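Asks: got a sequence here, can you build the structure:
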Amino acid sequence: MELIEHIAMRIRDLRQGYGGEGVSQEALAKAVGTTANTISRWETGTYKPSIEDLEKLAKFFAVSILSFFPQEEEHQVSDQVKALLRAAKQLKPQDIDELRRYAEFRKARSLYDQGKRPRAGRKGTPRDPV
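Replies: Have a look, this model is predicted:
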C-alpha cells in the first residue's frame, strides 16, 4: 500500500470512528480550517494533506502525528537517542511532552518527505531549504 493510500485510510477511519459516532466531513473541515471537499479528497487520496494539515488532524483527533504513517520495526536505540533520554530526565513534564510532540512532528515530516511529493514552485527554480 502506498503512503498516501495509508494516510487517506487513516484519516477516514479516525473521522468515522470519532467519539463512537463519527464526525462529518463538514465539521472536521471547520475544525481544521479547510473545506469538506478537501477532507473528502484527502480521504480518497486525490489530494495529499501537507504535514501541517496532518498536525492539525492529529491535534483534533488527539493522536500522535505518527499514527498517520505505517508502523516501522523498532531499531536498537542509538547513542544519540540515549543521550537525549538522559537529558530529558531532568525536564519538567510539560517540557517532555513538548519534546515528544516535536520529535513526532519531525519524524512525520521525514516520512512524508520520503513520499516524494511534488514541491510548490517552478521546476528548475532554486528554493530556500525548509
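Asks: and the average pLDDT for stretch 106-126 is what?
Replies: pLDDT averaged over stretch 106-126 equals 64, rounded to a whole number.
Asks: and what of stretch 18-26?
Replies: Averaging pLDDT along stretch 18-26 yields 91.
Asks: mind checking what secondary structure residue 90 has?
Replies: Reducing the assignment to helix, strand or coil with DSSP: H, G, I helix; E, B strand; the rest coil, the entry for residue 90 is coil.
Asks: what about this structure, any weak spots by pLDDT?
Replies: Counting by pLDDT under 70, the low-confidence segments of the chain come to 1, 72-77, 115-130.
Asks: what residues sit buried inside the longest helix anywhere in it?
Replies: Once the chain is assigned using DSSP state H, the helix that runs over the most residues is helix 93-114. By neighbour count with 16 or more other CB atoms under 10 Å, helix 93-114 contains the buried residues 104, 105, 108, 109, 111, 112. (C-beta placed from N, C-alpha, C; glycine too.)
Asks: and it, what does it pack onto?
Replies: Using 3 or more CB pairs under 8 Å, 6 or more residues apart in numbering; DSSP states H and E as the contact criterion, the elements in contact with helix 93-114 are helix 3-17, helix 51-61.
Asks: off-centre distance for the last one?
Replies: Looking back up the chat, that one is helix 51-61. Taking the mean of its C-alpha atoms, helix 51-61 sits 6 Å from the chain's own mean (CA atoms, centre = their mean, to the nearest Å).
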